[in-house]
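Engineer: Here is my input, please return the structure:
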Amino acid sequence: MTAQFTETLLLRGEKLSLCTEPLATYLETGGNRIKFDAEWTACWRGYQGTWTIEGRRLYLVELEGTSRTGAGWLKRSLADLFPDYPDGVFAHWYTGELRCTKGKLLKYVHGGYASNYEQDLFIDVVRGVVVRERLVVNGVAEQDAPSGYTVAASTSTGNDLGA
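Structural biologist: Residues are numbered from 1 along each chain as shown. You can find the predicted model right below:
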């Protein structure tokens, strides 16, 4: 399995790598009419979202994705999935744990979101509402270790969107 590009969580002025896919629950329940298709092997879900937490509530505020159609590849946005909420939607469907990596890389794993970083921020969410946060310190990286989430390799799936 290929390491996956993360989504983004904007939290208290920080831009964090979100190693969780909160939109997957919505897509699995059939609440959508759009099928996303992979543009890269490092993004099998076919989209990347930007999320924020405001007033202890989780919102999806941006979405970029692709769908394969009979005429070729089609770019998708938040407005395509939630036409009534093109500027952001409350993630009332999501219950689970969000994981955000922080700090430098301790160990790269070329699979999913399995790489280890100096810190993990875990945020527990119930029906879109944050109920708890906790920071786990995993260790201290070598001084020359890369900072922030990285994917070491990816292959194009052959779309014609100029990627």
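
Engineer: Just after the lengthiest helix in the chain, pick out the following helix or strand.
Structural biologist: Longest helix in the chain by number of residues (criterion: DSSP state H): helix 23-28. Sequence-wise, the next helix or strand downstream of helix 23-28 (DSSP states H and E) is strand 47-54.

Engineer: what residues does the helix or strand following that next one touch?
Structural biologist: Where DSSP H and E defines the elements, the next helix or strand beyond strand 47-54 is strand 57-69. Here strand 57-69 makes contact (C-beta atoms under 8 Å, 6 or more residues apart in numbering) with 10, 22-23, 34-39, 46-53, 73-78, 80-82, 87-91, 94, 98, 125, 128-130, 159, 161. For every residue, glycine as well, the C-beta is placed using N, CA and C.

Engineer: what does stretch 6-20 give?
Structural biologist: Taking contacts as C-beta under 8 Å, 6+ apart, the residues outside stretch 6-20 that touch it are 21-22, 48-53, 61, 96-102, 113, 121, 148-149.

Engineer: which of the residues you listed count as buried?
Structural biologist: 21-22, 48-53, 61, 98-102, 113, 121, 149 (16 or more other C-beta atoms under 10 Å).

Engineer: And for Val140, nearest residue in space, chain neighbours not counted?
Structural biologist: Glu118 (6.3 Å; C-beta to C-beta, 6 or more residues apart in numbering).

Engineer: same deal with Gly88?
Structural biologist: Nearest non-adjacent residue to Gly88, counting by C-beta to C-beta, 6+ apart: Val61, 4.1 Å away.
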